[in-house]
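[1] Build me a model from this:
(2 chains)
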Amino acid sequence: MKKILLTIISVLIILFSSVLIYHVFSEDSIEINQGVEKEDSTDDVMNEIDESILDENDEVKIGEMV
Amino acid sequence: MRKIWNIIIVLMLMVSIAPLAFADEAEDPTSEVEIDDETQKQVEIMNDSVGSEIRLLQLEKSIAKNIIKGEEVVSILKGLEYNTTYLEAILAEFEFLKEEVIDVDPNSTDAVQIFVDLKHDAVNLTKDFRDALKELLDDDTIEQLRERTREMICEEAQNLSSKIQNKIKQYNRNQLHKLYQIMGENGTSFLNKYQNGTLTMEQVKQQIGKMVNQMTKEKRYGIFSQLKQNKIQKKIQAEICVQNATDGFQTRKESRLINRLQKSENMPDDPINEEMQERIRNRLKGNDNSGTGGSGNNADNGSPGNGNNQQSGGGDN
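    Next up, the predicted model:
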């Protein structure tokens, strides 16, 4: 009986730690990937510039009357 | 034995709590109004006085366009002997709204809040008009009206368009000037050419692209980080402004309606004015369901149309 309970505890500990490790690791890898991708690309700098300027035909839409 | 069971229970609790710990923060259910993503994006430029001016002019232009289209619809329907009092009452309130937009000081600290409020009113009045038309006309007639009003030219809106384009050029020039400063370059001649129309934005961007290409990785990354940081700052500021705009939204709405009602009561009595007052009073009583006011009032006043053409409203757009 004791053996079974110890096994259950071990399984739960392993399960919990693996969920935690996976979560932390996946978050880090996303951030690292984003950093690496954007670090040295001219396109990304240009995209940031694009986002900071306005389209001359930009509008505030309130819907059509008909 | 007992201890082991306790450990198992604690571990199971930890496992079940884990998803809660990783879950995103829930939205505030007490928020008085939901501000859409588009509006949220629009207010991002309003921490700048030129940006604020642009948004207010754009709102004024959209309202002016809708008033002109509404007036055209009313004139056509009058020719067909429909009762257009309710539609005209909406247009009269639209005129009040336009004046309120014109009166906003773009440099005031609550410009974002007022923009959000007045845009919300403009969207609702437009919807009220559309819904009232659905009560009055069949789908084919509405389609014909849509065709007739689609390409209407409004002189007021055209004047506003050129004003807006100039302001946007000024705004973009300021943004690019900041960018040149970050890059440690002098782009004044390019920027002047852009503002006076000799160079297009595409040409300016090409020139900047060439400069960025020639930079070292480190410098490029520095610029990228700075731009990213500016963007995040703008987003945070916009988020705060939007949050402020949602607080007290209903109270401000009531006070706007009361102001419009008082303004309307000071005007000479006529059926359109009375209808507008009735609409505002209904909303102040808490019947502010966009579109439903139209059918209610029309029912009170009898048929809004000439009887023969009246059909039940279609579905929502």
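
[2] Pull out the buried positions in the helix or strand harbouring B:G70.
    Following DSSP states H and E, one finds B:G70 within helix B:49-79. For helix B:49-79, the neighbour count (16 or more other C-beta atoms under 10 Å in any protein chain shown) marks B:50-74, B:76-77 as buried. C-beta coordinates here come from the backbone N, C-alpha and C atoms, glycine included.

[3] ditto for stretch B:192-201
    Buried residues in stretch B:192-201 (16+ other C-beta under 10 Å): B:Y194, B:L199, B:M201.

[4] which residues of chain B fall in helices?
    For chain B, applying DSSP state H gives helices covering B:2-22, B:37-42, B:49-79, B:85-103, B:111-136, B:139-150, B:155-183, B:188-195, B:201-213, B:217-246, B:249-265, B:271-284, B:292-300.

[5] Summarise which helices and strands the second one is packed against.
    When you say that, I think you mean helix B:37-42. Counting contacts by 3 or more C-beta pairs under 8 Å, 6 or more residues apart in numbering or on different chains; DSSP states H and E, helix B:37-42 packs against helix B:111-136, helix B:217-246.

[6] how about these in JSON lines, adding mean neighbour count, distance to chain A and mean pLDDT?
    Output for these, formatted as JSON lines (neighbours: other C-beta atoms under 10 Å in any protein chain shown; distance: least, C-beta to the nearest C-beta, whole Å; pLDDT from 0 to 100):
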{"stretch": "helix B:111-136", "mean neighbour count": "23", "distance to chain A": "4", "mean pLDDT": "96"}
{"stretch": "helix B:217-246", "mean neighbour count": "15", "distance to chain A": "4", "mean pLDDT": "91"}
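
[7] I'd like those laid out as a markdown table, including distance to B:S162.
    Shown next, in a markdown table, are those (distance: least, C-beta to C-beta, whole Å):
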| stretch | distance to B:S162 |
| --- | --- |
| helix B:111-136 | 21 |
| helix B:217-246 | 27 |
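
[8] Which positions in chain A make contact with chain B?
    Contacts of chain A with chain B, taken as C-beta under 8 Å from any C-beta of the partner chain, map to A:2, A:5-6, A:8-9, A:12-13, A:15-16, A:19-20, A:23, A:38-40, A:42, A:44-46, A:48-56, A:58-66.
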